[in-house]
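fold the following and give me the result.
(chains A, B and C)
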Amino acid sequence: MAKFYDTLLWEYISDPGKKWLSLDDLAEKYFDYKMISYDEVTGKSQINFKEVSLEEASIYSWEDVYITAKIYAEQQKKWIISDKTLNDIEIPLLEVLKNMEVTGVRISKEKLQEIGKYLAEEIIKEEKIILEIAWENFNIKSPKQVWDILFSKMGLPQWKKTKTGYSVDSEVLESLAFHYPIARHIVNYRQYTKLQSTYVEGLSKLIYEPTSTIHTSYNQTIASTGRLSSTNPNLQNIPASNGLWGSIREAFLPFGENDVLVSFDYSQIEVRLLAIMSEDENLLGSFQNGVDIHANTGYFLFGKDDISSDERRIAKAVNFWVIYGISPFGLSKMIGIPQNEAREYINKFYEQYPKVGDFFKKTIEFCEKHGYVETIFGRKRFITSINDSNSIIKKAWEREAINMPIQWTSADIIKLAMIQIDTFLREKNMQSKMIMQVHDELVFNVVSEEFEIIKKEIPAIMEHIISAPISLKVDMWVGKNWRECK
DNA sequence: CGAGGAGCGA
DNA sequence: ACGTCGCTCCTCGA
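Predicted coordinates for the structure are as follows:
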């Protein structure tokens, strides 16, 4: 019940700044209907709900369900059916997602167990060291107890706050690790237990034994940015880094002996969309001429052609983060440079790509005037709180407003690609299957005879979803497990 | 059972 | 005050 209520009320999910109404309020607003209140059912003495007579409890519960269904139907009339994007994208996508969910992904339980065994040993080692240094038994998994040990008992310096006290997250611990080895060991312990509980044990629990597969659920109605989300398990946050973390992906296998996993991902899709939508000549030009975009930005940030690898790293970060309306403070923290330097780079970026700034400005002005922003596919996102009198709140919604058209457009592009790919695979009677979507990446189980055609056709479909002055670019990766696809 | 902290992905 | 959006795990107090 709560799920429908939470996810399908369009005007509420599309305007996060707006105050939420309760189900009772909505019933009154839409149907002029007064619902039975909880207090009425439990009476003056506020008895426990299980003491309420079955008849009364039934009516009360029925009302909840009925009103929810009515509101859902209303919203369908108002939003779902009238919205073209819904008929062209979301509805056709339903079956594509269903097929991916049913197909599943093959996982090696043995591989997971192997990793798990190693982790279990490391966890014991780290635990032993930490408890020895602390000279006391405590639960390392509890941030509160970690704080007690480190700061109350050992007297380490402390500064970062959380809502309810002091933070002991990895950033804090890292900064202490050089002088206080215990902090390093706690970081290690956290990494090992995170891998163990979330990925090794979490994934193992969800394996369907007869076929050694896991079957996620993709949700189309959760993310305010129009992206999909994935649960049970979440396949969109499997570790991707080097070393031990990446080893989880080794457990993701093709179905058949002769099959391979093939991954296609959109390269720099958000920066490309920024170029297309802002129509900035310099940004478009750097993609048109096949120039390396990061080198191009680096040239303007540092005024020279032969930028060092560190300068390239900065240029790459600036290209990436500007899309999110990042502040000098944020950028400096993110890439470890002084704040004034970060400010200079951000300014230079806007100088070099002037229409990007214009585009952001126009987007914000449009939103202030109309109360929504929209994508090139004509999808709207209502942000009325952009006119908030509190400048901090306003700034936050402004960042939302400039990022949303880009992120939502990229989400729509990959959704359209998925629909077309699904049609292609079915029409050609292909045995290969689309098995995962990770925001800008699609993963396929490819049978060997079909590799050449997949390699040719899938990127072609993905790259031609929209026609624009510059094309979208897709990279391909092949492997005998998911880790090799990079 | 739910809030809060922590940490993974794009 | 200072990127956004998600999901899952754990602890802890009601």
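
residues from chain A in reach of DNA strand B?
A:143, A:162-165, A:167-171, A:173, A:187, A:190-191, A:194, A:198, A:236-241, A:245, A:265, A:438-441 (CB under 7 Å from any atom of the strand). C-beta coordinates here come from the backbone N, C-alpha and C atoms, glycine included.

restricted to helices, list those residues.
Using DSSP state H, A:143, A:170-171, A:173, A:187, A:190-191, A:194, A:245 are the members of these that sit in helices.

contact residues of the stretch 351-486 of chain A facing DNA strand C?
A:392, A:395-396, A:399-400, A:403.

just the buried ones from the residues you listed?
Among those, those that count as buried by neighbour count (16 or more other CB atoms under 10 Å) are A:396, A:399-400, A:403.

for the residues you listed, which one is nearest residue A:466?
residue A:403 (18.7 Å; CB to CB).

show me what the helix or strand that closest one falls within is packed up against.
Assigned by DSSP states H and E, residue A:403 belongs to helix A:391-427. The elements that helix A:391-427 packs onto, with contact taken as 3 or more CB pairs under 8 Å, 6 or more residues apart in numbering; DSSP states H and E, are helix A:91-103, strand A:260-266, helix A:269-278, helix A:354-370, strand A:372-374, strand A:433-437, strand A:441-446, helix A:451-463.

residue contacts, residue A:414?
A:266, A:437, A:439-440, A:442, A:462 (CB atoms under 8 Å, 6 or more residues apart in numbering).

change it to 10 Å
Applying CB atoms under 10 Å, 6 or more residues apart in numbering, we find residue A:414 in contact with A:227-228, A:264-266, A:269, A:421, A:437-442, A:462, A:465.

check residue A:485 too.
A:249, A:252, A:260-265, A:441, A:443, A:476-479.

show me what contacts the residue lying closest to residue A:225 once chain neighbours are set aside?
Excluding the flanking residues, the one nearest residue A:225 by CB to CB, 6 or more residues apart in numbering is residue A:407, at 4.6 Å. Shown in contact with residue A:407 (CB under 10 Å, 6+ apart): A:223-227, A:269-270, A:273, A:323-324, A:375, A:400, A:439.

same thing but 8 Å
A:225-227, A:270.

give me the buried positions along the host helix or strand of residue A:29.
Of the helices and strands defined by DSSP H and E, residue A:29 is found in helix A:23-31. Residues A:23-24, A:26-27 are the ones in helix A:23-31 that count as buried (16+ other CB under 10 Å).

swap in stretch A:48-59?
Using 16+ other CB under 10 Å as the test for burial, stretch A:48-59 gives residue A:52.

then that stretch to CSV, C-alphas only?
The C-alpha coordinates for stretch A:48-59 follow below in CSV (Å, rounded to 0.1, in the frame of the first residue of the first chain):
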residue,chain,number,x,y,z
ASN,A,48,-3.7,-1.5,20.9
PHE,A,49,-4.7,-2.0,17.3
LYS,A,50,-4.9,-5.8,17.8
GLU,A,51,-7.6,-5.2,20.4
VAL,A,52,-9.8,-3.5,17.8
SER,A,53,-12.8,-5.6,16.6
LEU,A,54,-12.2,-7.4,13.3
GLU,A,55,-15.0,-5.5,11.7
GLU,A,56,-13.8,-2.1,12.6
ALA,A,57,-10.2,-2.9,11.8
SER,A,58,-11.3,-4.2,8.4
ILE,A,59,-13.2,-1.1,7.5
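
so does it get close to DNA strand C?
No. Residues of stretch A:48-59 are not located near DNA strand C by CB under 7 Å from any atom of the strand, the shortest gap being 14.9 Å.
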